[in-house]
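> Sharing a model prediction with you, sequence too.
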There are 2 protein chains.
Amino acid sequence: MKIKVIVTPKKGVLDPQGKAIQQTLNSMNFIDVNEVRQGKYFEIETDIKNEKDAKKNVEEICKKLLANLVIEDYEII
Amino acid sequence: MKIKVIVTPKKGVLDPQGKAIQQTLNSMNFIDVNEVRQGKYFEIETDIKNEKDAKKNVEEICKKLLANLVIEDYEII
């Protein structure tokens, strides 16, 4: 089954890439945009059939590899 | 209001970064993982109050800046 994960910078952590996108958008006349935060998105295809087990496995994957928990949060969606 | 966007490589487009993550996971004993696809995630904070208008605006932003429609799909969530 396929499990989807979003990894985002924690609140308060600077996101220079998002800031650069926001400034670019403002200069492209998208003047209503006042903040952009960029994160990462992963689709993980696993052989585990049970949804609960698969999500538990993906949670471990997030903690060990995909997210840096000092500066990032993850969300399994 | 805040609009969330996911940008993913189109089906059939090679995703070497996702492949590298999958191989790393397998070598870390997550042997059930058989595919990983990596995409980008954006949170766009806009002054537009009306949800329909805001999403329309973000759709334009995706087409013009965030996604390369030749090789990527976007989804407003």
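Received, thanks. Numbering: from 1, shown residues only, chains lettered A, B, ... in the order given.

> which bits of chain A sit near chain B?
Contacts of chain A with chain B, taken as C-beta under 8 Å from any C-beta of the partner chain, map to A:6-8, A:18, A:21, A:24-25, A:28, A:30, A:32-48, A:57, A:60-61, A:64-66. Glycine gets a C-beta too; all of them are placed from N, C-alpha and C.

> In helices only, show me the residues you listed.
Among the residues of chain A next to chain B, DSSP state H puts A:Gly18, A:Ile21, A:Thr24, A:Leu25, A:Asn57, A:Glu60, A:Ile61 in helices.

> Are any of those residues buried, and if so which?
Using 16 or more other C-beta atoms under 10 Å in any protein chain shown as the burial test, those include A:Gly18, A:Ile21, A:Leu25, A:Asn57, A:Ile61 as buried.

> Tell me how far the last one lies from B:Arg37.
A:Ile61 sits 14 Å away from B:Arg37, going by C-beta to C-beta, to the nearest Å.

> Now do the helix or strand encompassing A:Lys4 against strand B:2-9, angle only.
For A:Lys4, the element it lies in under DSSP states H and E is strand A:2-9. Put simply, strand A:2-9 runs at 120 degrees to strand B:2-9, going by axes from the mean of the first three to the mean of the last three C-alpha atoms, to 10 degrees.
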